[in-house]
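# give me a 3D structure for the following:
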Amino acid sequence: MTQRIQKLSSLLANQIAAGEVIERPASVVKELIENSLDAGSRHIEIDIEAGGLRLIQVRDDGFGIHPDDLMLALDRHATSKIKNQTDLEQILTLGFRGEALASIGSVSRLQLTSRHGDREGLRLSFDGNLQKEISPAAHPVGTTVAVHDLFYNTPARRKFLRSEKTEFSHVEELIKRLALAAPQIDFKLKHNQRLVKHYLQAHSQAEQTQRLATLCGAAFATQAIFIEAEGAGMQLSGWLSLPHFSRTTNDLQYFYVNQRLVRDRLISHAVKMAYQDVLYRDRYPAYVLFLTIAPAEVDVNVHPAKHEVRFRQRQVVHDFIYKSITDALAKLHEASSSHPITSPSQPPSNIEKNWTPPEVQAAMAKNAPLLSSLPISIQRQMPMSTHHACTMHAVEQDRQPLGEARFQLQGIYIIAENSKGLVLVDMHAAHERIVYEQMKQAFDSQAIVQQHLLHPLTLHLSAREADVAEAHTEFFASIGFTFSRMGVEQIMLRTIPEVFSGGPLDVLVRDIISDLLQHGQSMRAQREIHRLLGTLACHHAVRAHRILTVPEMNALLRAMESTDRSNQCNHGRPTIVSLSLADLDKLFMRGR
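Below is the predicted model of the structure:
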């Protein structure tokens, strides 16, 4: 029997909407705090009881709600933040849908107390059954929203919640994310009437760094660099972890678009690609980054909980983020840590066994000016005298931040002295990076050599994959692949890059197509080439236990100072550790 169409009741419609945006207590906290931030608050207090099931209360000192608007505040799709289509296309606030309070009120017992300007405070009570009651209430300028007994009238939803401890941990993580994006806001978080967190306002750069250390840990704050970049109508700022401060998971990655925390595969891909040359393959960088972009260039109205965004010019955004981070990492010539660094276990080999490295070695050896040893001309230089080394001028020290070599330790490490203290260099790792960067430059400066296949290779793809490959024929040609479309689900490879001769071409091409489907671009061929070059650089770098003269050691230090990413070898291991005079004094307890 055909069911008749009927209009849902307001309560049921709000409860369905709540299912989209209110997953757990932390979801309620997010919606309420975003309203507080939009209201211009500077102090926000969050009180949680029983993990948020018994009480969630958010109190702010924003501009409050006008008394005449209070009844509308709990109506679905009633908002003060947008008025027309133009406003919707240029969202300037964190909230804008006007359904959060209505959704929350439909699954809880809610009290909304607010005072606007010099008007009297009012309290609106709402218990989920659409009965609203307004009464006078003493309250400073601002708003307090108290949510009692979350999901009391939807027991099926309540059953899916975790323990009190787990639910509160989600609230803590949420406050951390919001506090990172709003350093000018004072946050207080209480649980069961006990103050758990208090994030003070941070205005100066020093205060913001301190707040970063409080939120993300002192280790991250001391092992991160601050980045500021501008271009293509965008700005990128924030903190990037040094490559050696990598993690086994992506749990310390925060990216904000116009102060809104988002999860976006395009952004994740751009950051991952920027770090590819300085990280182990199974490690993740840590970062807190803020992208500022014209509101009209980003659509934030693509997810009910506003976790995702859509960029109008995806490729431009991707390239800007990638280039900004790559440039910042490339200029790291000195170690930011003054303490020894522990590296993860040795990564897998940088070359797949089914490639054919001998041919690649022959092709690359012609282009690498620094392969097996340091230049002979440098070896003929006279060692620097002790007197000259001790009286080196400050100007020279500034020009040579890695200082002057003093001696070699166990044929492995170079011990150098600069104006700040002691510099220790892993000579093999450092030389490996120098060789690797030179080989990349030599390879990139030449056109990719193509090899015609004597027997063209037919690849069986899905129709969608074949369509994508055909749509990107120019891109494939730029990296050395040419092919013909042979049917709905087939392409025939005719030429390939010579460096991939003998490799698993079908796997590589499918992976490139997969990248194009997901991200609109692929750097997989470049990554494979760089992996081959990285292996060659490792083989040709100066080996451990080779005795170097002082001029040779200094030549290596000078080469490091002029080489991008020289603080990391291409496997992701650090090449430099610095100890300042203050660090040395602490080790020997001087001045105590």
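
# now I293, which residues is it bridged with?
Beta bridges link I293 to M234, judged by DSSP bridges.

# give me the distance between it and R312.
9 Å (CB to CB, to the nearest Å). (C-beta placed from N, C-alpha, C; glycine too.)

# so E465 sits in a helix?
Yes. E465: assigned to a helix according to DSSP: H, G, I helix; E, B strand; the rest coil.

# tell me the contacts of it?
Applying CB atoms under 8 Å, 6 or more residues apart in numbering, one finds that E465 lies in contact with R510, I513, L517.

# quick one: distance of whichever strand or helix holds the first one to the chain centre.
Looking back up the chat, that one is R510. Assigned by DSSP states H and E, R510 falls within helix 505-519. Centre-to-centre, helix 505-519 and its host chain are 24 Å apart (CA atoms, centre = their mean, to the nearest Å).

# one more: stretch 73-82?
Put simply, stretch 73-82 sits 33 Å off its chain's centre (CA atoms, centre = their mean).

# now do the phi/psi pair for the residue nearest to Q210 when sequence neighbours are not counted.
Leaving aside its chain neighbours, Q210 sits nearest to A202 (6.9 Å; criterion: CB to CB, 6 or more residues apart in numbering). Here is the backbone geometry of A202 (degrees, to the nearest 10): phi -130, psi 120.

# I293 and R312 - which one has more neighbours?
Higher neighbour count among I293 and R312: I293, with 21 against 12, using other CB atoms under 10 Å.

# what average pLDDT does the helix holding R510 get?
On average, the pLDDT along helix 505-519 is 86.

# and stretch 460-476, by the same measure?
Mean predicted lDDT for stretch 460-476 stands at 91.

# tell me the contacts of L212?
Residues in contact with L212 (CB under 8 Å, 6+ apart) are L180, F220, A221, A224, W239, V288.

# just the pLDDT for it.
Looking at L212, its pLDDT stands at 94.

# now do the buried residues in the helix or strand hosting it.
Using DSSP H and E, L212 maps to helix 205-216. Within helix 205-216, the residues scored as buried using 16 or more other CB atoms under 10 Å are Q208, T209, R211, L212, T214, L215, C216.

# in contact with the second one, which residues?
Contacts were defined as CB under 8 Å, 6+ apart; by that measure T209 touches A221.

# mind jotting down where the helices sit in the stretch 401-550 of the chain?
Secondary structure of the stretch 401-550 of the chain (DSSP state H, counting those that start in this stretch): helices at 427-444, 463-471, 473-478, 505-519, 524-540, 550-561.

# now name the helix or strand holding K197.
Per DSSP H and E: strand 194-199 holds K197.

# in its sheet, what does that strand sit against?
Here strand 194-199 has these sheet partners by DSSP bridges: strand 186-191 (antiparallel).

# who's in contact with the partner strand?
With contacts defined as CB under 8 Å, 6+ apart, strand 186-191 is touched by 42-49, 51, 168, 171-172, 175, 178-179, 195-201.

# how much space separates the nearest residue to F311 once chain neighbours are set aside from Q253?
Excluding the flanking residues, the one nearest F311 by CB to CB, 6+ apart is V317, at 4.7 Å. The gap separating V317 from Q253 is 17 Å, by CB to CB.

# which one's more surrounded, those two?
When neighbours are counted by other CB under 10 Å, V317 and Q253 differ, and V317 comes out ahead with 25 against 18.

# where does the more buried one land in three-state SS?
State at V317, reduced to three classes by three-state DSSP: helix.

# local confidence estimate at it?
Confidence at V317, expressed as pLDDT, is 95.

# likewise for Y436?
86.

# wait, what's in contact with it?
By CB under 8 Å, 6+ apart, the neighbours of Y436 are L533, G534, A537, C569, N570.

# the residues you listed into JSON lines, with extra columns for distance to E23, neighbour count and pLDDT?
Rendered in JSON lines, the data for these read as follows (distance: CB to CB, whole Å; neighbours: other CB atoms under 10 Å; pLDDT from 0 to 100):
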{"residue": "L533", "distance to E23": "46", "neighbour count": "26", "pLDDT": "80"}
{"residue": "G534", "distance to E23": "43", "neighbour count": "22", "pLDDT": "79"}
{"residue": "A537", "distance to E23": "48", "neighbour count": "28", "pLDDT": "80"}
{"residue": "C569", "distance to E23": "44", "neighbour count": "26", "pLDDT": "83"}
{"residue": "N570", "distance to E23": "42", "neighbour count": "27", "pLDDT": "76"}
